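Enquirer: This is the structure alone, sequence omitted:
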C-alpha cells in the first residue's frame with residue numbers, strides 16, 4: 001500500500017485572484033467555500049488521478065524560497081508556448097539558483113509562490 005497525492009494546498013493572500021490564476025493554469029473548476037477558501041476541481045474526465053487544489057487565506061507573508069513546489073507539464077508539447085501563456089496569466093520567471101541547463105523553467109505565481117514547468121515528462125533514469 002502507498003499514499004498518493006490527493007490535494008495540493010496553498011496559503012494565499014487574495015483567494016479570488018489566486019483561484020482565477022490557478023484555475024486558468026490547470027483548467028480546473030473553482031468552488032468558493034463559505035470559510036473564505038476556494039477548492040479547485042480537475043475537469044471531469046481528467047486522465048489518471050488528478051489532485052484537487054485548496055487555496056486557504058492567510059495574512060502571513062511568504063519569506064524565502066518555497067521548500068516544496070509543484071512541477072507542471074504540458075499536454076500541448078510546446079513548453080515555450082506554455083511559458084508564454086502562464087506569463088500572460090500573471091506568472092513571472094524567477095531565479096532560485098538554476099544554471100540555465102535544467103529541463104524546466106522556474107516561475108512564480110502572482111503572489112510569488114514558485115513552481116516549475118517541465119520541458120518533458122519525468123522519466124525513469
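Expert: Sure, I can see it. Since we're looking at a predicted model, the values are computed, not measured.
Enquirer: Which residue ranges of this protein form strands?
Expert: 7-12, 29-32, 38-41, 52-57, 70-72, 92-93, 104-108, 114-118 (DSSP state E).
Enquirer: Ok, which of those comes nearest residue 80?
Expert: Nearest of these to residue 80, taken as C-beta to C-beta: strand 104-108 at 8.8 Å. The C-beta positions use only the backbone N, C-alpha and C, and glycine is treated the same way.
Enquirer: angle of that closest one against strand 114-118?
Expert: If you take axes from the mean of the first three to the mean of the last three C-alpha atoms, to 10 degrees, strand 104-108 sits at 150 degrees to strand 114-118.
Enquirer: Please list the residues outside strand 104-108 that contact it.
Expert: Defining contact as C-beta atoms under 8 Å, 6 or more residues apart in numbering, one finds that strand 104-108 is touched by 71, 79, 83, 86-87, 91-96, 98, 114-119.
Enquirer: was I right about residue 79 contacting residue 103?
Expert: No - applying C-beta atoms under 8 Å as the test, residue 79 and residue 103 come out as separate, 9.1 Å apart.
Enquirer: From the contacts of strand 104-108, list the buried ones, please.
Expert: 79, 83, 86, 91, 114, 115, 116, 117, 118 (16 or more other C-beta atoms under 10 Å).
Enquirer: Widest-spaced pair of those residues?
Expert: Spatial extent of these (C-beta to C-beta) is set by the pair 79 and 114 at 16.8 Å.
Enquirer: Low-confidence regions, the chain specifically.
Expert: For the chain, the stretches flagged by pLDDT under 70 are 47, 121-125.
Enquirer: Outline the domain layout of it.
Expert: In terms of domains, the chain is parsed into 1-59, 66-125 (source: automatic domain parsing).
Enquirer: Check the separation of the first and last residues in the shortest one.
Expert: Looking at domain 1-59, the gap from its leading to its trailing residue is 38 Å under the measure C-alpha to C-alpha, to the nearest Å.
Enquirer: can you check stretch 50-67 too?
Expert: Taking C-alpha to C-alpha, the first and last residues of stretch 50-67 lie 22 Å apart.
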